[in-house]
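Enquirer: Let's see this in three dimensions:
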Amino acid sequence: MTKPTASTGIRASRRTSPAWLLAFLLLFVFTSGPGVASQDRGKKTEADIEATLSRMAELYKAKDVAGLMTITAKEKDVTVVGILEEEPLVGYDRIRAGLERTFAGLTEIKSMEVKPYAVSESGGVAWLAADVRLIAVTKGKGVDLHGNMTAVLRKISGRWLFAQSHFSFPRQAEEKETVSLAVPPVLGRVQKKVTTMLNVIDAELAQAASELSKTGLTGPAARGVVQDLCKRTAHAVDCAAVDGKGRMVIVEPKGYAKVEGSDISAQEQVVRLRQTGQPVLSEVFLTVEGLEAVDLEHPVFSRKKESLGSVSVLMKPESLLKRAILAEARKTPFEVWVMQANGRILYNQEYKEIGKILFTDALYKPYPELLSLGRRIASEKNGQGAYRFPAPGSDKPVTKVAFWTTVSLHGAQWRIVASRVLDPAGVIAGKPSERQGGRSTLREGGKVPQVSSAGPIGGLPAPKGDNEGIRK
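Expert: The predicted structure is shown next:
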């Protein structure tokens, strides 16, 4: 990146870039995590250093200058190096003044991610190195900074205090590349469409369970109920009545009669249903029919409220999702894809990616930033992020932003992701017809425009079962 001129220094009389202000703040951010402990220090030392790092993160999030200075060594040679293109900041008072000016220029600190990869201690001196990411808002724009940090701490009067810090941003984006984007309406429309489609199938299954409670799970009347269920249910591969021992006693349509009698009692969703007595939706798995599909099941009880078994609808999620996404995303600049919370791609406009696991497939391993964003998508019900991805039919990467939300039903969670291409100025690239085709799976690498971190997506309909967690 182009180095800032002296006019971007921290002196009060000069203009300070928001991105560089944020860089200055990051000097004071550390969090503890797996791998921080070193063989060079004992348990007590480890606990004390981790407590200092945790306290520092709390004070930083609160923009508490006074608190941060209590964990900075009050010595004339306490130093900050490499933040601004100016001489190192040497001295307690100068560092405090810089913090005050920096916090004054910030609207909000959205999130922090610090990954220490080396921490050691000897003779009352500790030294650390870490990868750091900060997302914040300044002047209405999101700023997303990636950098490297090293620091030295000294144990003074029984407390670990920062004595020297050195920060650099080899991957920092220019401020002009910062992008602040609203959640696209298409994401809400697709979420609503998928939720509605799943709830309709769920209601059909509940009705069948009610009818089977009267007929029992075997015999002509029961088979008629299962046949009608399959005829009424869009996207059903097959439908089955499963007895209390986990055997498929009826399977319709006739094309799947060969699996009738199969024992599926060990399947995760069947075990879960028997344990809870509640409806279940499985993740994708290899079925006895030889398909990779999901299974939606409802328990069946007798009139005396005794458990008889369950009724099942087997579905291939890409069939349902394709219909919902094509109906709602057509003629928009967004590509929409869907991922299970475990990283499995349930739907993608690039069909060969359907079924791949984002975190383990060789296609994605060369892109560590993709994997990092994928982990966010897997762990957070909604949000947004930026990434780099090769354009369809080309090795040349383009810049995209992605927004995601969640559809949940009976313990399963599907992440709905909408992404679009940006040009370097942060506007949509290409004509609508050109933007609809091609891949939509995230790949990162290279320079990425920064996007403000999103909180919960407002205005999206709450899916049925949205408060349920995945039961493993």
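Enquirer: What ranges does the stretch 351-472 of the chain have for its helices?
Expert: All helices of the stretch 351-472 of the chain, identified by DSSP state H, counting those that start in this stretch, fall at 368-379, 432-436.
Enquirer: Please identify which of those is closest to residue 335.
Expert: Of all the helices of the stretch 351-472 of the chain, helix 432-436 sits nearest to residue 335, with 7.0 Å by CB to CB. (C-beta placed from N, C-alpha, C; glycine too.)
Enquirer: residues touching the spatially most central residue of the chain, list them.
Expert: Centroid-nearest residue in the chain: residue 377, 1.7 Å away (criterion: CA atoms, centre = their mean). For residue 377, the contact set (CB atoms under 8 Å, 6 or more residues apart in numbering) comprises 339, 383, 385, 402, 404, 415, 417.
Enquirer: Helices along the stretch 1-150 of the chain, start to end?
Expert: Shown for the stretch 1-150 of the chain, the helices assigned by DSSP H, counting those that start in this stretch span residues 18-25, 43-61, 65-69, 92-104.
Enquirer: Please work out which of those is packed deepest.
Expert: With neighbours defined by mean count of other CB atoms under 10 Å, none of those is more surrounded on average than helix 18-25, at a mean of 23.
Enquirer: and of the helices of the stretch 1-150 of the chain, who's closest to residue 238?
Expert: Closest to residue 238 of those, according to CB to CB: helix 43-61, at 52.0 Å.
Enquirer: Which neighbouring elements make contact with that closest one?
Expert: Applying 3 or more CB pairs under 8 Å, 6 or more residues apart in numbering; DSSP states H and E, one finds that helix 43-61 makes contact with helix 65-69, strand 108-122, strand 141-156, strand 159-168.
Enquirer: Now with 7 Å, please.
Expert: The contact analysis (3 or more CB pairs under 7 Å, 6 or more residues apart in numbering; DSSP states H and E) places helix 43-61 against helix 65-69, strand 108-122, strand 159-168.
Enquirer: For residue 206, which residues are in contact?
Expert: residue 298 (CB atoms under 7 Å, 6 or more residues apart in numbering).
Enquirer: make it 10 Å
Expert: 279, 298, 311 (CB atoms under 10 Å, 6 or more residues apart in numbering).
Enquirer: after the helix or strand harbouring it, next one along is what?
Expert: If you go by DSSP states H and E, residue 206 is part of helix 185-215. Next helix or strand after helix 185-215 toward the C-terminus (DSSP H and E): helix 220-232.
Enquirer: CA atoms of the helix or strand just after that following helix as CSV?
Expert: As assigned by DSSP H and E, the chain's next helix or strand after helix 220-232 is strand 236-243. Provided in CSV are the C-alpha atoms of strand 236-243 (Å, rounded to 0.1, in the frame of the first residue of the first chain):
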residue,chain,number,x,y,z
ALA,A,236,-40.2,-35.5,-1.5
VAL,A,237,-38.0,-38.3,-2.7
ASP,A,238,-39.9,-40.9,-0.7
CYS,A,239,-42.1,-41.1,2.4
ALA,A,240,-42.1,-43.8,5.1
ALA,A,241,-43.7,-45.1,8.2
VAL,A,242,-41.1,-46.2,10.7
ASP,A,243,-42.1,-48.5,13.6
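Enquirer: what angle separates strand 236-243 from helix 185-215?
Expert: Strand 236-243 and helix 185-215 are oriented at 40 degrees to each other (axes from the mean of the first three to the mean of the last three CA atoms, to 10 degrees).
Enquirer: Can you say which of the helices and strands packed on helix 43-61 is nearest to residue 191?
Expert: strand 108-122 (22.8 Å).
Enquirer: could the contacts of residue 377 go into JSON lines alongside neighbour count?
Expert: Written out in JSON lines, the entries for the contacts of residue 377 read as follows (neighbours: other CB atoms under 10 Å):
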{"residue": "339", "neighbour count": "25"}
{"residue": "383", "neighbour count": "22"}
{"residue": "385", "neighbour count": "27"}
{"residue": "402", "neighbour count": "24"}
{"residue": "404", "neighbour count": "28"}
{"residue": "415", "neighbour count": "23"}
{"residue": "417", "neighbour count": "26"}
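Enquirer: What is the nearest of these to residue 259?
Expert: Sorting these by how near they are to residue 259, with CB to CB, puts residue 339 at the top with 28.8 Å.
Enquirer: Would it be right to say that the closest one lies in a strand?
Expert: Yes. Assigned with DSSP: H, G, I helix; E, B strand; the rest coil, residue 339 falls within a strand.
Enquirer: so who does it touch?
Expert: Residue 339 makes contacts with 345-348, 356-358, 374, 377-378, 404, 413-417, 441-442, as judged by CB under 10 Å, 6+ apart.
Enquirer: Now a PyMOL select for only the buried ones of those.
Expert: Typed into PyMOL, the next command selects the buried ones out of those (criterion: 16 or more other CB atoms under 10 Å):
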select buried, resi 345+346+347+348+356+358+374+377+378+404+413+414+415+416+417+441+442
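Enquirer: Which ones among the contacts of residue 339 map onto strands?
Expert: Counting by DSSP state E, these place 345-347, 404, 413-417 in strands.
Enquirer: Output the below-cut-off pLDDT ranges for this structure.
Expert: Counting by pLDDT under 70, the chain has low-confidence residues at 1-42, 82-88, 111-112, 114, 116-117, 139-142, 167-181, 389-394, 422-472.
Enquirer: how near is residue 399 to residue 386?
Expert: Separation of residue 399 from residue 386 (CB to CB, to the nearest Å): 7 Å.
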